[in-house]
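In: Here is a sequence together with a model predicted from it:
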Amino acid sequence: MAEHSSGGQRPGRIGDSPVRVEDFRLLTGAGRFTDDAAEPGALHAVFIRSPHAHALIRSIDASAAAARHGATVLTGDDLAAAGVGALPNPRQDLGPGYANYGGTEHPNPPWLPLARFRARHVGEAVAVAIASSLAEAQDLADAVIVDYDPLPSVTDIALADAPDAPTVWEDIPANLLCHNTAGDPAATDAAFAAAAHVVEMTVANNRVIVNFMEPRSCV
């Protein structure tokens, strides 16, 4: 983020040349990050993540890791047994502008902190190793054996809604999570019908969503 910008313009405008003020602190090792906090008794967690885009989770064998003193390996089943449910999904409260075409509600599949039964994307967490040091937690994670049964997957968004495309969620046909419309369909059709020329084109856009690389964290 820009501390200020040149030319009297508003901070953070596209095309500005902001004057950076944080570089000296960061480049000389004076940065302060969550990982720098060393609280007494704090534990370290390393997540075991799916290498598959889509796969059934047949079993998770943490016996070798769990045998080590003072360490813990948790799975989705452990969280379920402890009463930990799905992560809250605020999409249902976004208002009428996000209603589905035809007035239907958006599907709201459960998103679990640790996947159970099925992994639905590469990197989805299926277990977590917790230990008193980062090195030990990493060793524990490496000792966990996950038996996957890979399933068909689709990585092209243009093919994801094909009739025979693999579905990410069994109860969401054609992988269609939401279908929104805006404007006046009749007026739009009339405008195209009266136009002297109509040009059709496909525009590949970047992902317009908050997919930040930095995790939100706290101590």
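Out: Received it, and whenever you're ready, just let me know what you need. None of the values given here were measured: they were computed from a predicted structure.
In: Can you tell me the SS state at the residue lying farthest from the centre of the chain?
Out: Centroid-distance maximum for the chain: Ala196 at 44.5 Å, with CA atoms, centre = their mean. Here Ala196 is recorded as coil under DSSP: H, G, I helix; E, B strand; the rest coil.
In: Show the pLDDT at it.
Out: The score at Ala196 is 97. That number is its pLDDT.
In: Likewise for Gly31?
Out: pLDDT recorded at Gly31 is 86.
In: how much space between it and Glu22?
Out: Counting by CB to CB, to the nearest Å, the gap from Gly31 to Glu22 is 8 Å. Where C-beta positions appear, they are placed from N, C-alpha and C, glycine not excepted.
In: next one: Leu79
Out: Distance of Leu79 to Glu22, computed by CB to CB: 38 Å.
In: shouldn't Ala125 be in contact with Pro113?
Out: Yes - proximity of Ala125 to Pro113 meets the contact threshold set by CB atoms under 8 Å, at 7.2 Å.
In: Quick check: Arg32 vs Leu26, distance?
Out: 10 Å.
In: er, Thr72 I mean
Out: 34 Å.
In: Quick check on the two: which one has the bigger neighbour count.
Out: Using other CB atoms under 10 Å, the more surrounded residue of Thr72 and Leu26 is Thr72, with 17 against 12.
In: my guess is the more buried one meets Ala66, correct?
Out: Yes - with contact defined as CB under 8 Å, Thr72 counts as touching Ala66 (7.4 Å).
In: Low-confidence ranges, this protein, go.
Out: Scanning the chain for pLDDT under 70 picks out the ranges 1-12, 69-70, 89-104, 207-212.
In: That one: strands as residue ranges?
Out: Per DSSP state E, the chain carries strands over the ranges 44-49, 55-61, 72-75, 118-119, 125-131, 145-150.
In: Relative to Pro185, which of those is closest?
Out: Smallest distance to Pro185 across the strands of the chain (CB to CB): 37.8 Å, for strand 118-119.
In: Which neighbouring elements make contact with that closest one?
Out: Applying 3 or more CB pairs under 8 Å, 6 or more residues apart in numbering; DSSP states H and E, one finds that strand 118-119 contacts strand 55-61.
In: Show me what counts as buried in the strand it packs on.
Out: Ala55, Ile57, Ile60 (16 or more other CB atoms under 10 Å).
In: go on, stretch 173-190?
Out: Asn175.
In: Make 640 the first number, not 1, from now on.
Out: Got it, first residue is 640 now, which makes that one stretch 812-829.
In: Quick one: end-to-end distance for it.
Out: Length of stretch 812-829, first residue to last, CA to CA, to the nearest Å: 32 Å.
In: Stretch 812-822 too?
Out: End-to-end distance for stretch 812-822: 26 Å, by CA to CA.
In: Pop out the phi and psi values for the residue farthest from the centre of the chain.
Out: Dihedral pair for Ala835: phi -70, psi -30, per degrees, to the nearest 10.
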